[in-house]
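1. below: sequence and its predicted model.
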Amino acid sequence: MRAFRLASVALEAERARLGLRVQREIRRAAFIVVALIMASAAFAMLHVIAWVAMGNVSPIWRAVIIFAFDLVIAGIFGFMATRNTPTRAEREALAIRRTAVIEARNGIGLSLIPVAFGLLRNRRRRNRM
């Protein structure tokens, strides 16, 4: 019976880990959207302002300076979007799941693990309907 409880704990830990990962991916997508919006806004508004402010510089150098500034801003937000490390809670949930699965395997043998997960999955499907 202990092995079935451990299998249930492993399933719950995996559910929590996946939920946290979805939240992390949503934040990542939000950073990407901000980076794209910022790049577009910089392209539209800052170009005009900078172009007017650099009245005494030749037009080609105005364009080069504005382009370099846009690349730096887009790079900063792009870097923030690529930072995608698991949170502490995600790592803990993964460790709990792994421990529970190992303990469950030791308790009831490898042949009953698929049966247990199948029963849990079927019960969840029936509860959703």
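-> Nice, I can see it.
2. what's next to the helix or strand harbouring Leu94, contact-wise?
-> Secondary structure assignment for Leu94, by DSSP states H and E: helix 88-108. With contact meaning CB atoms under 8 Å, 6 or more residues apart in numbering, helix 88-108 is reached by 2-4, 6-7, 9-11, 13-14, 16-17, 20-21, 24, 86, 113, 116. C-beta coordinates here come from the backbone N, C-alpha and C atoms, glycine included.
3. for the protein, what's the longest helix?
-> Identified as the longest helix of the chain according to DSSP state H is helix 2-41.
4. show me what counts as buried in stretch 11-29.
-> Residues of stretch 11-29 classed as buried: Leu11, Ala13, Glu14, Ala16, Arg17, Leu20, Arg21 (neighbour count, 16 or more other CB atoms under 10 Å).
5. which helices and strands sit right next to the longest helix of the chain?
-> The elements that helix 2-41 packs onto, with contact taken as 3 or more CB pairs under 8 Å, 6 or more residues apart in numbering; DSSP states H and E, are helix 59-82, helix 88-108, helix 113-128.
6. dihedrals phi and psi, Val57?
-> In terms of degrees, to the nearest 10, the main-chain angles of Val57 are phi -100, psi 150.
7. so who does it touch?
-> Ile65.
8. so what's the gap between stretch 37-52 and the chain middle?
-> Centroid displacement of stretch 37-52 relative to its chain, using CA atoms, centre = their mean, to the nearest Å, is 29 Å.
9. give me the residue at the spatial middle of the protein.
-> For the chain, the residue sitting closest to the mean C-alpha position, by CA atoms, centre = their mean, is Glu25 at 2.4 Å.
10. contacting residues for it?
-> By CB under 8 Å, 6+ apart, Glu25 lies in contact with Asn84.
11. quick one: it from Pro86, how far?
-> Taking CB to CB, to the nearest Å as the measure, Glu25 falls 11 Å from Pro86.
12. still on that earlier bit, got the helices and strands packed on helix 2-41 as a markdown table, with mean pLDDT, distance to Ile37 and mean neighbour count columns?
-> As requested, the helices and strands packed on helix 2-41 are arranged in a markdown table below (pLDDT from 0 to 100; distance: least, CB to CB, whole Å; neighbours: other CB atoms under 10 Å):
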| stretch | mean pLDDT | distance to Ile37 | mean neighbour count |
| --- | --- | --- | --- |
| helix 59-82 | 89 | 9 | 13 |
| helix 88-108 | 80 | 28 | 16 |
| helix 113-128 | 64 | 37 | 11 |
